[in-house]
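In: Predicted model, plus sequence, below.
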Amino acid sequence: MKTRLHLHLLSDSTGETLEVLAKAAVAQFDGVETVKHFWPMIRSEAFLERILGEIAQNPGLVLFTLVNPDIRRVLETSCRALGLPAVPALDPVVAALSTLLGQPAKARPGRQHMLDAAYFARVDAIQFTIAHDDGIGQEDWEEADIVLAGISRTSKTPTSIYLANRGYKTANIPLVVESPPPACLFELKQPLVVGLTASPDRLIQVRRNRLLSLNQAPETDYVDDEAVRREVTFARRIFADKGWPIIDVTRRSIEETAAAIINLVNERNAAGAEGRS
């Protein structure tokens, strides 16, 4: 039987170094099922606060490469409060080099990367995605490569961030029964719009854990069985009416969901190429 491990990777750059290091470390152990939660481009405490809710919901090992002392302090303090290990992955190496070379390290995020066109494109995708999280910036949605739509707790934000790290400009839009999305969502031509859904039972479980982590009342419409089923039906009706592809994230990891979306993008691009030939 495999041991399930939630692995949170937090970086103030693209996180490539951290991802490679984590993969190499986990490979030293047998029988481990790793669920990776990838959080690049953390440059503000406000963004970190949103991530901390996900960490509390899925406790596990936290690995980070953050040079900003204030952001690091918030992360380490929060992890201690949650009883979770937070490991600064590069600190021992940087400290050893600093001693050997007789000079302090430059506290600059992502300093190790070659500044080539692909790198800048990926950073651009990540910045776009962060700026268009949770329905923000609707005037720029047409510039996205991918738009994710779904009700609360269908993994829109972490999936968006993962896709951004793969170079896809991604916006995500919450669907709320009481507040229909703006009409411009239904007029998009360039982006691939994908609907994310999950089983009501799974949503209730995730939402209840979220409320508990925030010390909020656990019995509200947010976790009411009938209300949640109504939300799921509402979202699925929109997906069907617009002919958007639907991905059920109930039993999928973020990586699996992102891979399915990338496949949809590739299929769409291939179909477009055939139509032009």
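Out: Received the coordinates, thanks.
In: Any idea which residue is closest to the centre of the protein?
Out: residue 158 (1.5 Å; C-alpha atoms, centre = their mean).
In: how far away is that residue from residue 272?
Out: Residue 158 is 28 Å from residue 272, where distance means C-beta to C-beta, to the nearest Å. Heads up, the C-betas are built off the backbone N, CA and C, glycines and all.
In: ditto for residue 239
Out: Counting by C-beta to C-beta - residue 239 and residue 272 are separated by 22 Å.
In: which residues in the stretch 1-150 of the chain form strands?
Out: 3-11, 32-39, 61-65, 86-88, 146-150 (DSSP state E, counting those that start in this stretch).
In: so which of the ones you listed gets nearest residue 183?
Out: strand 146-150 (13.6 Å; C-beta to C-beta).
In: Next secondary structure element downstream of the closest one?
Out: Using DSSP states H and E, the next helix or strand after strand 146-150 towards the C-terminus is helix 156-165.
In: just the angle between that following helix and strand 3-11, please?
Out: Put simply, helix 156-165 runs at 60 degrees to strand 3-11, going by axes from the mean of the first three to the mean of the last three C-alpha atoms, to 10 degrees.
In: Helix 156-165 versus strand 146-150: what angle between them?
Out: Using the same axes, to 10 degrees: helix 156-165 against strand 146-150 is 170 degrees.
In: Could you pull up the mean pLDDT of helix 156-165?
Out: In this model, helix 156-165 has an average pLDDT of 93.
In: buried sites along that helix?
Out: 156, 157, 158, 159, 160, 161, 162, 163, 164, 165 (16 or more other C-beta atoms under 10 Å).
In: my read: the first one touches residue 196, true?
Out: So the one you mean is residue 156. Yes - in this structure, residue 156 is within contact of residue 196 by C-beta atoms under 8 Å, at 6.0 Å.
In: Need the overlap of contacts for the two.
Out: 148, 149, 150 (C-beta atoms under 8 Å, 6 or more residues apart in numbering).
In: residue ranges for the helices of the stretch 51-200 of the chain, please.
Out: Using DSSP state H, counting those that start in this stretch, the helices of the stretch 51-200 of the chain run over 69-82, 91-101, 117-131, 156-165, 200-213.
In: Not counting its own residues, what contacts the third one?
Out: With contacts defined as C-beta under 8 Å, 6+ apart, helix 117-131 is touched by 14, 40-41, 47, 113, 137, 140, 143-145, 160-161, 163-171.
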